[in-house]
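> Below are the sequence and a predicted model; questions follow.
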Amino acid sequence: MTRPWVSALFDAALVNVCIVAVFAARFLGDVPERNIVAYRQTWFYITAIFVAVFYLQGLYDNDESDDAISIFFKALSGVALATVCVMALTFLSRAFAFPRTVIMMSAFVQLVAVSVVHIRTHWAHLRTLPARKTVVFGGDEKREHIERCVAGASGGRYVLWGGPGARSEGEARAALESGADCVIVTDDAPRARDFAFELALSYPGAVVFMVPDVADIAAGAKHHLVIGDAPLASPSLPTASGRFFLIKRGMDAGMAAAALVVLSPLMAAAALAVKATSRGPVFYSQERVGRGGRAFRILKFRTMVTGAEEETGPAFCGEDDPRVTRAGRVLRNLKIDELPQLINVLKGEMSLVGPRPERPEFVAEFEARHPAYANRKLALPGMTGLAQVYGRYETDAAMKLKYDLIYIYNYSPGLDLRIMYRTAQHILRENVGRGKRSAR
């Protein structure tokens, strides 16, 4: 497998070779000095733009389910978007001596070169992979049909694993634990969709496909593979932990650092209020479950009396909980008590936006009731999230889980910005409403 950074370095060189070649062809080898200067002034930024756009388009994903057509369209959308960005760059930087004809001609050459290189690299990558040993789970008739499709498929990427087909969920799991590394779940299997997602979560090294039913197709499921005459869909990979993760991490670090600087006077005032109105430490730390199930200590301004859970044990805080201090109630209403978590964000333990982290005791309880709750561990926990801006205080855990999964499987940087805006709007509206009620 070609490492993504190696592909990125090769693309960086390839993009510039294409531009230089087009310059030479356009001016028959006699490139005017002012054009050379314009290129020298912008080549680094052009390279960064192309590599960043290729990364966002998924050209460095090494996705087994990609074929030549999908790679070509990734390259097409990447080159098109990067070319528009480069034209804007040369205009804004006043590098008018960089001919627009060269930029446009380079785009065609880059598209051909990048497509050919990535398609050949992908084929070479697939040839190094062992065949996927496949077990089929479902009703007898459909299972046998899919098994015949796998046995008769050309290319050899998927082969039957050598054991019996799976007639139960237990047999499918046993096959994966005995050497199979691919499962196809037919649409007549009990709990087909739920079971496919459970397998994808429980066996990250395996490939899981399901035969989509009509409801899946109507909901927008896209097939990733055709074996024989059977279209197969794969449970979606969470975008919050995919190619956007580096962008998300960069946004988190930059915005958290800026927020700590800007909000430091407010945080100092909050610390003084906590200290002046109750005995005990200013900060409160508590173990929470983070990405991948790793435990970390979350930081907050203390809003309850010291030792609040000594008698009750771990318990959710009610809306009018008597354990909350006077200053704590104000800090909670304005969400100021959460601001120390910006330090958790800087440390990489949390994100600005994501599922709210829970305590280990509650995570175990929720996972026992809702197996899909474990999917929350695929993303960094956040200071705010979809469940916080669209849910209500009384919204139950099952409904909040749906919000969290919508976020994890549909992440984009723009979604983070919208949630942050809605969070600020929500806090303002909630406190203005509370003030009006108090005035009455």
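Now that the structure is in, tell me what you want to look at.
> give me every residue that touches the residue nearest to residue 206 when sequence neighbours are not counted.
Nearest non-adjacent residue to residue 206, counting by CB to CB, 6 or more residues apart in numbering: residue 181, 4.9 Å away. The C-beta positions use only the backbone N, C-alpha and C, and glycine is treated the same way. Contact analysis of residue 181 by CB atoms under 8 Å, 6 or more residues apart in numbering lists 132-133, 205-207.
> what do you get if the cut-off is 10 Å, keeping everything else the same?
Contacts here follow CB atoms under 10 Å, 6 or more residues apart in numbering; on that basis residue 181 touches 130-135, 161, 175, 203, 205-207.
> Distance to residue 143 for those residues - can I get that in CSV?
Converted to CSV, the contacts of residue 181 look like this (distance: CB to CB, whole Å):
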residue, distance to residue 143
130, 24
131, 20
132, 17
133, 16
134, 12
135, 10
161, 13
175, 12
203, 19
205, 23
206, 18
207, 17
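> in the stretch 201-350 of the chain, which spans are strands?
Using DSSP state E, counting those that start in this stretch, the strands of the stretch 201-350 of the chain run over residues 207-210, 225-227, 230-232, 283-289, 295-301.
> Let me have the ones you listed in TSV, extended by mean neighbour count, mean pLDDT and distance to residue 54.
Output for the strands of the stretch 201-350 of the chain, formatted as TSV (neighbours: other CB atoms under 10 Å; pLDDT from 0 to 100; distance: least, CB to CB, whole Å):
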stretch	mean neighbour count	mean pLDDT	distance to residue 54
strand 207-210	24	88	25
strand 225-227	16	80	24
strand 230-232	20	84	27
strand 283-289	16	91	35
strand 295-301	18	94	33
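> Which among those strands is found nearest to residue 44?
strand 295-301 (37.6 Å; CB to CB).
> who's in contact with that closest one?
267, 270-271, 273-274, 281-290, 327-328, 331-332, 336-344, 347-350, 356-357, 359-360, 363, 381, 383.
> Now, of those, which are buried?
267, 270, 273-274, 284, 288-290, 327-328, 331-332, 336-342, 344, 349-350, 356-357, 359, 363, 381, 383 (16 or more other CB atoms under 10 Å).
> Just those: which are in helices?
Cross-referencing the buried ones among the contacts of strand 295-301 against helices under DSSP state H gives 267, 270, 273-274, 327-328, 331-332, 341-342, 344, 363.
> now those in JSON lines, with pLDDT and distance to residue 253?
Output for those, formatted as JSON lines (pLDDT from 0 to 100; distance: CB to CB, whole Å):
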{"residue": "267", "pLDDT": "93", "distance to residue 253": "18"}
{"residue": "270", "pLDDT": "92", "distance to residue 253": "23"}
{"residue": "273", "pLDDT": "91", "distance to residue 253": "28"}
{"residue": "274", "pLDDT": "89", "distance to residue 253": "27"}
{"residue": "327", "pLDDT": "83", "distance to residue 253": "30"}
{"residue": "328", "pLDDT": "81", "distance to residue 253": "29"}
{"residue": "331", "pLDDT": "87", "distance to residue 253": "25"}
{"residue": "332", "pLDDT": "84", "distance to residue 253": "27"}
{"residue": "341", "pLDDT": "95", "distance to residue 253": "14"}
{"residue": "342", "pLDDT": "96", "distance to residue 253": "10"}
{"residue": "344", "pLDDT": "96", "distance to residue 253": "12"}
{"residue": "363", "pLDDT": "88", "distance to residue 253": "26"}
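> ok, and the helix or strand in this structure with the lowest average confidence?
The weakest-scoring helix or strand in the chain, judged by mean pLDDT, DSSP states H and E, is helix 214-218 (a mean of 72).
> packing partners for that helix?
helix 192-202 (3 or more CB pairs under 10 Å, 6 or more residues apart in numbering; DSSP states H and E).
> Which strands and helices lie in contact with the helix it packs on?
Checking 3+ CB pairs under 10 Å, 6+ apart, helix 192-202 ends up next to strand 132-137, helix 169-177, strand 182-185, strand 207-210, helix 214-218.
> Distance to residue 88 added to those, as JSON lines?
Formatted as JSON lines, the helices and strands packed on helix 192-202 follow (distance: least, CB to CB, whole Å):
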{"stretch": "strand 132-137", "distance to residue 88": "44"}
{"stretch": "helix 169-177", "distance to residue 88": "49"}
{"stretch": "strand 182-185", "distance to residue 88": "44"}
{"stretch": "strand 207-210", "distance to residue 88": "40"}
{"stretch": "helix 214-218", "distance to residue 88": "39"}
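> Looking at the ones you listed, which one is packed in the most?
Compared across the helices and strands packed on helix 192-202, strand 182-185 shows the largest average neighbour count, a mean of 28 (mean count of other CB atoms under 10 Å).
> what are the pairing partners of that strand, and which direction each?
Its sheet considered, strand 182-185 pairs with strand 132-137 (parallel), strand 207-210 (parallel) by DSSP bridges.
> can you put the ones you listed in JSON lines and add distance to residue 19?
What follows is those, written out as JSON lines (distance: least, CB to CB, whole Å):
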{"stretch": "strand 132-137", "distance to residue 19": "40"}
{"stretch": "strand 207-210", "distance to residue 19": "39"}
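> Compare these and report which one is nearest to residue 75.
strand 207-210 (24.3 Å).
> Can I get that closest one as CSV, trimmed to CA atoms?
What follows is strand 207-210, C-alpha atoms only, in CSV (Å, rounded to 0.1, in the frame of the first residue of the first chain):
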residue,chain,number,x,y,z
VAL,A,207,-15.1,-5.8,5.3
VAL,A,208,-18.9,-5.9,5.8
PHE,A,209,-21.4,-5.6,2.9
MET,A,210,-25.2,-5.9,2.9
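> Now residue 413: closest residue in space, sequence neighbours ignored.
Nearest residue to residue 413, sequence neighbours excluded (CB to CB, 6+ apart): residue 247, at 5.7 Å.
> isn't that neighbour right next to residue 52, touching?
Yes. If you go by CB atoms under 10 Å, residue 247 and residue 52 touch, sitting 8.8 Å apart.
> got any ranges where the stretch 101-250 of the chain has weak pLDDT?
154-155, 218-224, 236-243 (pLDDT under 70).
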